[in-house]
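[1] Give me coordinates for this.
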Amino acid sequence: GAKINKSAYNIICLQETKRETFDLSYLKKFYPRHLDSFAFYPSTSASSGLLTVWNSNLYDGDVVHSNSYAVTIKFICLMDQSSFHLSNVYGPAHSSGKMAFITWLLNFDTTSFDDWLLAGDFNLCRCADHRNKPKGNIIEMQLFNNAIIDLDLVDIPFSGRRFTWSNMQLNPLLVKLDWVLVSSSWGLSF
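    Sure, this is the predicted structure:
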C-alpha cells in the first residue's frame, strides 16, 4: 500500500489477488484516491485472481475480455482520445495448464486491437538464463518464444532485479516469470 501511495501510477495490474471479490470501499483502503475504477477476475484457488485499477479522470476503461488467464481492458485516454488495450496476465503455474494458456494466447482474438500491452505473471521463462539454476523446460520456453514471435510482440526489459520469483528455499531457485510484452504498433505509438 505505501509504495502504491508514493507512486504516480495511473494504472496498476495485480496478479494472485487470492480474493473472490472486490469493491471500491475495500480498494480505497490500499490505493490512492485517484485510482478509482477497477476490473477483476475472481480468485478460484489459493494462487489466482486478477485486479486492474485505474484513474478514471485520465482513462475510460471498458473490459473486453476476462478469464482466469487475463483481464483485457480497452483504455481511452481522456486527454487526447488515444486508445490501447491492456491485458493483465496470470498464466498457470503447473505444466499441464501452460500448454492450454499458450494455446489460448495464440488464439485470442486481437483483430480489433491497435495497440496492445500484456503485463503480468506469465509463469513462463524465455531461456535458461532466466533461471539461476540449470534445467528448466526447454519445450515450454520454445512455445512461449514462438507465441511471442507469432503475435508480433516485443519484450520490454525490466530494470532492477534479474529474477521475479523465488521458491524461498535455503538454496533458492530464482526465475524470471513476469513480463511486459507489447505489440509492435504499441511500441511505435508509445
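
[2] Helix, strand, or coil at Lys98?
    helix (DSSP: H, G, I helix; E, B strand; the rest coil).

[3] residues touching it, list them.
    Lys98 sits next to 91-92, 123-124, 140, 143 when contact means Cβ atoms under 8 Å, 6 or more residues apart in numbering. (Each C-beta comes from the backbone N, C-alpha and C, glycine too.)

[4] Specify which member of those residues is nearest to Ser159.
    Leu124 (20.7 Å; Cβ to Cβ).

[5] so how far is Asn57 from that closest one?
    Per Cβ to Cβ, to the nearest Å, Leu124 is found 35 Å from Asn57.

[6] same deal with Asp114?
    23 Å.

[7] Could you pull out the buried residues of stretch 70-88?
    By neighbour count on 16 or more other Cβ atoms under 10 Å, the buried set for stretch 70-88 is 70-75, 83-88.

[8] I should have written stretch 60-72 there, sorry.
    Neighbour count says stretch 60-72 has 61, 65-66, 68-72 buried, by 16+ other Cβ under 10 Å.

[9] Return the subset of those lying in strands.
    Residues of the buried residues of stretch 60-72 located in strands (DSSP state E): 61, 65-66, 70-72.

[10] Can you name the two of these that sit furthest apart?
    Farthest pair in those (Cβ to Cβ) is Gly61 and Ala70. Separation: 14.5 Å.

[11] So which residues of this protein form strands?
    Secondary structure of the chain (DSSP E): strands located at 11-15, 37-41, 50-54, 59-66, 70-77, 83-90, 116-121, 153-155, 165-166, 174-175, 178-183.

[12] and the residue nearest the centre of the chain, what are its bridge partners?
    Centroid-nearest residue in the chain, with Cα atoms, centre = their mean: Gly120, separated by 2.3 Å. Assessed by DSSP bridges, Gly120 has beta-bridge partners Val89, Trp179.

[13] ok, back up a step: higher neighbour count, Leu124 and Asn57?
    Using other Cβ atoms under 10 Å, the more surrounded residue of Leu124 and Asn57 is Leu124, with 24 against 11.

[14] How much space separates that one from Gln15?
    Plainly put, Leu124 is 13 Å away from Gln15 if you go by Cβ to Cβ.

[15] which phi and psi does the residue sitting furthest away from the middle of the chain have?
    Within the chain, the residue lying farthest from the chain centre (Cα atoms, centre = their mean) is Leu170, at 28.6 Å. Leu170 adopts backbone torsions of phi -60, psi -40, taken as degrees, to the nearest 10.

[16] show me the contacts for Leu58.
    When contacts are counted by Cβ under 8 Å, 6+ apart, Leu58 touches 10, 77-79.

[17] what's the spacing between it and Pro157?
    26 Å.
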